[in-house]
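Colleague: Predicted coordinates and the sequence they were generated for:
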Amino acid sequence: MDAAFIQPVDLAKAYRLLNHGPTVLVSAHHGGTDNVMAAAWACPLDFDPPKVTLVLDKATATRALVEGSGAFAL
C-alpha cells in the first residue's frame with residue numbers, strides 16, 4: 001500500500017474505528033523484541049481521555065511484551 005493513502009486519525013475520533021468491535025492488530029515492543037497479533041476483543045471504553053478495552057490471552061507473546069513495556073498500539 002502506498003504511504004500516501006495512510007492518514008493519521010485524531011485520537012479523540014479513533015473510537016469510530018473500533019465502535020463495532022472489528023478484529024484489530026495489536027503491536028508491542030519490549031526488550032528489543034517486536035510483535036504484532038490479531039485480536040477480536042477490542043472496544044472503546046471511554047472518550048475523554050480516549051481509552052480502549054483489549055483482551056489478550058496470558059499465553060500470547062504480545063501480552064508479555066505489553067506487560068513488560070506498559071504500552072501497545074492498535
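Modeller: Received the coordinates, thanks.
Colleague: Do I have it right that Phe47 meets Lys13?
Modeller: No - counting by Cβ atoms under 8 Å, Phe47 does not reach Lys13; the two are 9.7 Å apart. The C-beta positions use only the backbone N, C-alpha and C, and glycine is treated the same way.
Colleague: Looks like Asp57 contacts Arg63 (just checking).
Modeller: Yes - counting by Cβ under 8 Å, Arg63 is a contact partner of Asp57 at 6.6 Å.
Colleague: between those two, who's got more neighbours?
Modeller: Arg63 (20 against 10; other Cβ atoms under 10 Å).
Colleague: Make sure that one is indeed in a helix.
Modeller: Yes - assigned with DSSP: H, G, I helix; E, B strand; the rest coil, Arg63 falls within a helix.
Colleague: Per-residue pLDDT of it, please?
Modeller: pLDDT for Arg63: 95.
Colleague: Identify the residue nearest it in space, chain neighbours excluded?
Modeller: Leu56 (4.0 Å; Cβ to Cβ, 6 or more residues apart in numbering).
Colleague: Looking at that neighbour now. What's its pLDDT?
Modeller: pLDDT, Leu56: 92.
Colleague: again with Leu11
Modeller: 78.
Colleague: how close does it get to Ala42?
Modeller: Going from Leu11 to Ala42 by Cβ to Cβ, to the nearest Å gives 15 Å.
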